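Visitor: Return a 3D structure for these sequence lines:
(2 chains)
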Number of protein chains: 2
Amino acid sequence: MTSVTIPDEKRLRRLLRRAVVEIIPEEEFAAALRTGRRLRLKLGLDPSAPDLTLGHAVALRKMRQLQELGHQVVLIVGDWTARIGDPSGQSQTRRMLTAEEVKVNAETYLRQFYKVVDEARTEIRFQSEWYDKFDLETVIRLTARFTVAQMLQRDDYSQRFAEHKPIGIHEFLYPLLQAYDSVAIESDVEFGGTDQKFNLLVGRELQEMMGQPPQQCFLVPLLVGTDGKVKMSKSLGNYIALEDPPDEMYGKTMSLPDAVMMDYFGLVTDVPDEELAEMQEALRTRSVNPMELKMRLAREIVGQFHSPEAAREAEERFTKVFRKRELPEEMQDLIVPKSVLEAGEIAANLFPSLLKDLGVMPSTSEARRLISQGAIEVDGQRVTSEGAVSLRVGSIIRVGRHRFLRIVDADKQS
Amino acid sequence: MTSVTIPDEKRLRRLLRRAVVEIIPEEEFAAALRTGRRLRLKLGLDPSAPDLTLGHAVALRKMRQLQELGHQVVLIVGDWTARIGDPSGQSQTRRMLTAEEVKVNAETYLRQFYKVVDEARTEIRFQSEWYDKFDLETVIRLTARFTVAQMLQRDDYSQRFAEHKPIGIHEFLYPLLQAYDSVAIESDVEFGGTDQKFNLLVGRELQEMMGQPPQQCFLVPLLVGTDGKVKMSKSLGNYIALEDPPDEMYGKTMSLPDAVMMDYFGLVTDVPDEELAEMQEALRTRSVNPMELKMRLAREIVGQFHSPEAAREAEERFTKVFRKRELPEEMQDLIVPKSVLEAGEIAANLFPSLLKDLGVMPSTSEARRLISQGAIEVDGQRVTSEGAVSLRVGSIIRVGRHRFLRIVDADKQS
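Guide: Purely as a prediction, here's the structure:
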């Protein structure tokens, strides 16, 4: 392997600032990068959930940037901690995975992992290398190093404890095993989302107790899901998978709320900071159509996980189907009350009377009838009598086959 | 081995009532005794503290009574839990014992143990039989069965937690290992002092979880030490050891405060309940000299752990030295301030002025001179210039060779 590159100040700033919440301690990490020593960058993998999403890519991309300087990724297949399960507070005991399941899951994971991370600079380690040999004495010595009160400082534990929800004693073993992994592989830096801060710090502490230089903890932001509301996760269905085909990846990106678009640019693209600042300003002054920027984002993402060619093709198909297909050149402008636009949506059962109030329909019952026939769409989505209807400036309401209305900004219209 | 005897109601009552705080659940235990099945009576031994005192004898005597019905004692040498140490809240990590130390300590223990328990109906098991083979998976499965909140219900843990004193995570393993012992040996009944209630109940619960009939928990009272104040223990120095020679055992018993004498009769002698009731009444009506009863107690105890012959001889020597030798028939009564009697003692450096104030000595300096010559005794104990002098109603102060004063009760004297 070639030697390690020491980053210049600009590159260092980008490493330390973009897509980073906290590096503990940052000075120590920056100093380590300047020594020219090859760092061991630890990441734990839970083989019971081997599907990677764009949310995982945030940390992986940081690791990739460090690999490009010559550093070494060490991926730990958590075949032991998967047996415990980092507790969500729900299921008390997970079924333990068989060795075969772990192997298959790890392969699935790696196929996706290497979409971002450089395989040539990755070392794969299984927890079973060290935990298969663990005996009761080692467990006692390990558990004796930490206190109950320390563990209860972890947010989710303290919350469950306060709410009188059960915390299995084995759950206290989870952070300790994850921490011991750092000792076993002599980790220099461990990566994780902000929700991993506690576990990573325990690793740092344990290394110090056991006479090793303590790892730095590199905490990246949690990417919000396609709903724009909560952390992206498979179980919530608000995810973009790294293995999603180009059209799906493009379409899911286009479905993002405008409000989170810039987060995505910052966390999962290489668009330079200066350009991001310009986009932000253009959005603020409304001198750009958000849709245009979102198409750029979708191209960046598909381009990254498939290819620029695939991104172009996906965009073409998307544009054809969702934009060009049926929209007439001229559309009626529609001014919608500010309160509705600020809410961003209206309850479906109130939508008929809104249409009547705005003069779109002669009566609420007529509006209801058309809705029940599936004859009203907003931004290509059929309106139903349940849920809510999203409305924003630029939204296009189609009534029947040929009537189109575009919501305009009342201020700009005047 | 012969078959098991089902106790008659009187014997059963004695088993269930005398020297018992709680049997959980009592009906279940009584029913088990009536089945005629040979019960496995579990007791754990901490090989890091192998010296037995009269305090331990309370539980051992109950086990002996059950052995006499044909039941089986199973003694568990806690060579693994001794590594953790049932936490006193002080020392965080104990030095682990070597196998050789465990062996020697276990032998020391057994020599004393068999003074009470019938060796022929005792099975000895070492925790290492099962814990040497424990792997991480077994630990995880075991710890997954209990919650942090459950462990924090244990009085000493909850207290330390509330006081922000550290509780090592390994300390939560202690009750679990003790509990698993019950599973390993298929315990029917586990014995312990009231301070073991939590641990014993965890054993009961774990057996049930693991498909075994749950053990009953047999809780005996904690014997108060010779100071009459706190639990008898080696570390507090307020103990009568089962290996104390006859004279020492006799003398220590005679030094007991009158107030705890009846407890001792109930917990560590076979004097029938009816007789104990009579004694209690006689004490209440002051129709007996407490000293006489205490001599009976001392005889019972020495007789039990040595022999009736040894007890008689010890009594003779005691009587000669401490009573007959020098006490005149008539003694001067002495009224001591209530505050001193209530404290039960006075600092040695204040004793000379007390003697002067009471008119026993002409001056404090004269009192000090006699004390420095070792010429003043209280209850046969030479008074020195350090520590404290115990004083109570009935105490005899000897000044020089021939002058005796007896402390009397000011109220009764009137």
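
Visitor: alpha carbons only for contacts and neighbour counts from here, please
Guide: Noted.

Visitor: got the phi/psi numbers for the residue located most distally from the centre of chain A?
Guide: The C-alpha centroid of chain A is most remote from A:Pro362, which lies 44.9 Å away (C-alpha atoms, centre = their mean). When read as degrees, to the nearest 10, the backbone of A:Pro362 gives phi -70, psi -30.

Visitor: can you list the residues of the stretch 51-200 of chain A near chain B?
Guide: The stretch 51-200 of chain A comes close to chain B at residues A:84, A:92-93, A:131-136, A:139-149, A:161, A:164, A:166-173, as judged by C-alpha under 8 Å from any C-alpha of the partner chain.

Visitor: Remind me which helix or strand the closest residue to chain B within the stretch 201-350 of chain A belongs to.
Guide: Closest approach between the stretch 201-350 of chain A and chain B, counting by C-alpha to the nearest C-alpha: A:Val202, at 13.7 Å. A:Val202 belongs to helix A:197-209 when assigned by DSSP states H and E.

Visitor: contacting residues around that helix?
Guide: A:154, A:175-176, A:178-183, A:190-192, A:213-217, A:219 (C-alpha atoms under 8 Å, 6 or more residues apart in numbering or on different chains).

Visitor: Then stretch A:51-62?
Guide: Contacts for stretch A:51-62 (C-alpha under 8 Å, 6+ apart): A:15, A:19, A:108-109, A:112-113, A:116-117, A:191-193, A:220-224, A:232-234, A:239-243, A:267-268.

Visitor: Looking at the residues of the stretch 51-200 of chain A next to chain B, which are in helices?
Guide: Cross-referencing these against helices under DSSP state H gives A:84, A:131, A:136, A:139-143, A:148-149, A:161, A:169-173.

Visitor: Show me which pair in those residues is furthest apart.
Guide: A:Tyr131 and A:Phe161 (28.5 Å; C-alpha to C-alpha).

Visitor: So for these two, which residue has more residues nearby?
Guide: A side-by-side neighbour count of A:Tyr131 and A:Phe161, using other C-alpha atoms under 10 Å in any protein chain shown, places A:Tyr131 first with 21 against 15.

Visitor: Could you measure from that one over to A:Arg401?
Guide: Between A:Tyr131 and A:Arg401 the computed distance is 65 Å (C-alpha to C-alpha, to the nearest Å).

Visitor: contacting residues around A:Ala410?
Guide: Going by C-alpha under 8 Å, 6+ apart, A:Ala410 touches A:Ile335, A:Val336.

Visitor: go with 10 Å
Guide: A:Asp333, A:Leu334, A:Ile335, A:Val336, A:Pro337, A:Lys338, A:Val393 (C-alpha atoms under 10 Å, 6 or more residues apart in numbering or on different chains).

Visitor: and the second one, that one's in a helix?
Guide: No: checked against DSSP: H, G, I helix; E, B strand; the rest coil, A:Leu334 lies outside a helix; its state is strand.

Visitor: What's the local residue count around the residue nearest to it when sequence neighbours are not counted?
Guide: Take A:Leu334 and drop its neighbours on the chain: the residue closest to it by C-alpha to C-alpha, 6 or more residues apart in numbering or on different chains is A:Ile407, 4.6 Å away. Using other C-alpha under 10 Å, A:Ile407 has 19 neighbouring residues.

Visitor: can you check A:Leu391 too?
Guide: Residues lying near A:Leu391 (other C-alpha under 10 Å) number 20.

Visitor: what does A:Ser390 give?
Guide: For A:Ser390, using other C-alpha under 10 Å, the count is 18.

Visitor: Backbone torsions only: list them for it.
Guide: Here is the backbone geometry of A:Ser390 (degrees, to the nearest 10): phi -80, psi 130.

Visitor: Next: A:Met361.
Guide: Phi and psi for A:Met361, reported as degrees, to the nearest 10, are phi -120, psi 150.

Visitor: distance of it from A:Val408?
Guide: 18 Å.

Visitor: likewise A:Pro352?
Guide: 19 Å.

Visitor: Looking at those two, which is more packed in?
Guide: Higher neighbour count among A:Pro352 and A:Val408: A:Pro352, with 22 against 18, using other C-alpha under 10 Å.

Visitor: List the contacts of the helix or strand where the more buried one lies.
Guide: Element membership for A:Pro352, per DSSP H and E: helix A:351-357. Under the criterion C-alpha under 10 Å, 6+ apart, residues A:336-337, A:340, A:345-346, A:348, A:359-371, A:383-385, A:388-389 lie in contact with helix A:351-357.
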